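J.: the sequence and its predicted three-dimensional model are supplied below.
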Amino acid sequence: MQLQHCPLSFLHVFLLSSAILFSLCATVEAFTVPLWTTGGNSPVSPARRHQPSDQKIRSVFPQLTWLRDTAIEKLFGIPSKGSKKKGCHASTAAERPLTSQLPATLLAKYGGDVVLRFNLTTPEEEAALAEAADTLFLDVWEFTSNWADIRLRKDDVSSLLGLLPVSLQKAHAPLMLDLADSIYRSYPYDPKTPLLGSHDRAFTPSLKTTDGVDNIFFDNYQPLSVIVPWMRLMASMFTTHVRMINIGTSYEGRDIPGLRVGVSPKLPTDDPDPRKTIIISGGSHAREWISVSTTTYVAWSLITSYGKNPAITKLLQEFDFVFIPTMNPDGYVYTWENDRLWRKNRQETALRFCRGLDLDRGFGFEWAGTTFESNPCSESYPGEQPFQAVESHRLAEWARNETEDNGVRFVGFLDLHSYSQQVLYPYSYSCNANPPSLENLEELGMGLAKAIRIASGEQYSVASACEGAISAASGGVSRMEPGGGSAIDWFYHELKVRYSYQIKLRDTGSYGFLLPKENIVPTGEEAYNALKYFGDFLLGNKGIESIALKSPEEKTAGYDDVVGEFVDRDGKPIEETDEYQPEWDLRRRK
């Protein structure tokens, strides 16, 4: 199955690329005008004040805005508004086939499936549900300290309930009664392409702007074939502070792409200290699409705010941010082309008919695969040894190389997942082991949740990754799936990354992994505000005590005695402004 795009000749690409450059360079803000900006108020995105505005360009050069949008639409195969050209038709919800006309393969796999939520209150209930799910090879979607969501066939409900205590038989409720239809509606859809058969369903990126949202890239979920060119475009258009990197190669030979965002105003000879770096990764579990879109959204927000927002500019001077939207590119592609709910990578196992390893259970710290999970068909199967999952090994290998050979010091790791709205910190492998910097982890975690709550009103709970997966009454025994081999534990313990978190994004179960596209921007805003708080905390501007990222006696650069006030290199306060300030580029080039 291939994405369908309008054919473009070299001349078309050249002319359209020139249109982009022309529209972006039309003002003094060369290479700093955002490719996609947000005008007007969208009912799904109330908090966008950080985004640079192009209203001046619109009012003075309205034709440039049209050229920009048209060029981008054509380059990415995006249908323009009202376009009816054959092969480039923009669909509407009304044009979707009826549920009775769903693809045969989708109906065959998920036609009789439902998702049930079980409310758990005792260790005995947890143990019984975990054992029953393992016995029946059920897909545990998500779990917290209070509930667990499980996907199963309608015909298996009675079998499951028969293995559970009476209290659980009465403590469940349906979340999705027609999973196949929910999956079908979660895909962007092109009515001009066939929907039936195993490999002939061609989903195209439905990026037509709606509801007043100008940013066409974030109007819908995007396939890897659109994400990678978008990342290259970011790196080519914002050369002052963005560089595209490659973390490694996946099992099936795909690149694991990343964006390094940051700029140092000093020469390397002026500052021999390692470059402080924060990693933001998404897509470790292939079906968690919102983690992919959120990673790209936060990257775009930082990139387009540089030189315009003093606080963001300061963060990009002090830190590098490495964004890895698709840690599991093979699995992500598979969710678009074959199975929307695929979780693992696509690596072969000892069982030919059960492919895939869980990337977030394959890291080398406190790996416990053979002890807790030896079934290759399990959704949380970690493999037969640590780092057997190719993509996990590539990330660890790249990170070690950065610290040992490239003068990098990782000070933060944010691993984005879905769903359940939780901020989780180490340790994941055991609730009986406390991390050395527990108080700092809790303090920053609470701050991240508060930043999200202030931005959107959404509640995110905060706990250790182990406590987030068990009830307080369970005595510290992990439920539903093993906790060892987690990425946040490995980065925290092995690479000494002081602030390592897993953030489980929206929602709390209404849609689960099938979160509607209207949540892309609001969820991105939540993560963006959390990241701003994260960076401000590391600068010493938040929290009870200043964090000693350098030497304990050295004052954190850029932080004035007045709490929360950003200052320049000369100690002068920086005023908030939406105008681009070219002196930041001049300082970088000195």
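T.: Structure received. Numbering: from 1, shown residues only.
J.: the longest strand seen in the chain pairs with which strands, parallel or anti?
T.: The residue-count maximum for a strand in the chain (DSSP state E) belongs to strand 408-418. Using DSSP bridges, the strands paired with strand 408-418 are strand 275-281 (parallel), strand 499-505 (parallel).
J.: mean confidence score for the first one?
T.: What strand 275-281 shows for mean pLDDT is 98.
J.: follow-up on the earlier one: for the longest strand of the chain, the averaged confidence score.
T.: So the average pLDDT for strand 408-418 ends up being 98.
J.: next SSE after it?
T.: strand 422-425 (DSSP states H and E).
J.: what is that following strand packed up against?
T.: Strand 422-425 sits against helix 438-456, strand 461-464, strand 499-505, with contacts defined as 3 or more Cβ pairs under 8 Å, 6 or more residues apart in numbering; DSSP states H and E. The way it works is simple: take the backbone N, C-alpha and C, and place the C-beta from them, glycine included.
J.: mind running it again at 10 Å?
T.: strand 408-418, helix 438-456, strand 461-464, helix 487-493, strand 499-505 (3 or more Cβ pairs under 10 Å, 6 or more residues apart in numbering; DSSP states H and E).
J.: so which of these gets nearest Met244?
T.: Across the helices and strands packed on strand 422-425, Met244 has its closest neighbour in strand 408-418 (16.7 Å, Cβ to Cβ).
J.: picking up where we left off before, got the angle between the longest strand of the chain and helix 438-456?
T.: If you take axes from the mean of the first three to the mean of the last three Cα atoms, to 10 degrees, strand 408-418 sits at 50 degrees to helix 438-456.
J.: can you dump the C-alpha coordinates of strand 408-418 into PDB?
T.: Output in PDB follows, covering the C-alpha atoms of strand 408-418 (Å, rounded to 0.1, in the frame of the first residue of the first chain):
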ATOM      1  CA  VAL A 408      27.300  16.000  25.200                       C
ATOM      2  CA  ARG A 409      25.900  15.800  28.600                       C
ATOM      3  CA  PHE A 410      22.300  14.600  28.800                       C
ATOM      4  CA  VAL A 411      20.400  16.400  31.500                       C
ATOM      5  CA  GLY A 412      16.900  15.500  30.600                       C
ATOM      6  CA  PHE A 413      14.900  12.600  28.900                       C
ATOM      7  CA  LEU A 414      11.200  12.900  28.100                       C
ATOM      8  CA  ASP A 415       9.700   9.700  26.700                       C
ATOM      9  CA  LEU A 416       6.200  10.500  25.300                       C
ATOM     10  CA  HIS A 417       3.600   7.800  25.300                       C
ATOM     11  CA  SER A 418      -0.200   7.400  25.500                       C
END
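J.: where do the strands sit along the stretch 151-300 of the chain?
T.: Using DSSP state E, counting those that start in this stretch, the strands of the stretch 151-300 of the chain run over residues 172-176, 242-249, 255-261, 275-281.
J.: for those, which one sits closest to Arg153?
T.: Once those are compared by Cβ to Cβ, strand 172-176 is nearest, at 12.7 Å.
J.: what are the buried residues along that closest one?
T.: 172, 175-176 (16 or more other Cβ atoms under 10 Å).
J.: show me what that strand is packed up against.
T.: In terms of contacts (3+ Cβ pairs under 10 Å, 6+ apart), strand 172-176 is packed against strand 113-119, strand 147-153, helix 157-162, helix 179-186.
J.: give the buried residues for the following helix or strand past the first one.
T.: Stepping forward along the backbone from strand 113-119, the first helix or strand reached (DSSP H and E) is helix 123-135. The neighbour-count check on helix 123-135 (16+ other Cβ under 10 Å) flags 123, 125-126, 128-130, 132-133 as buried.
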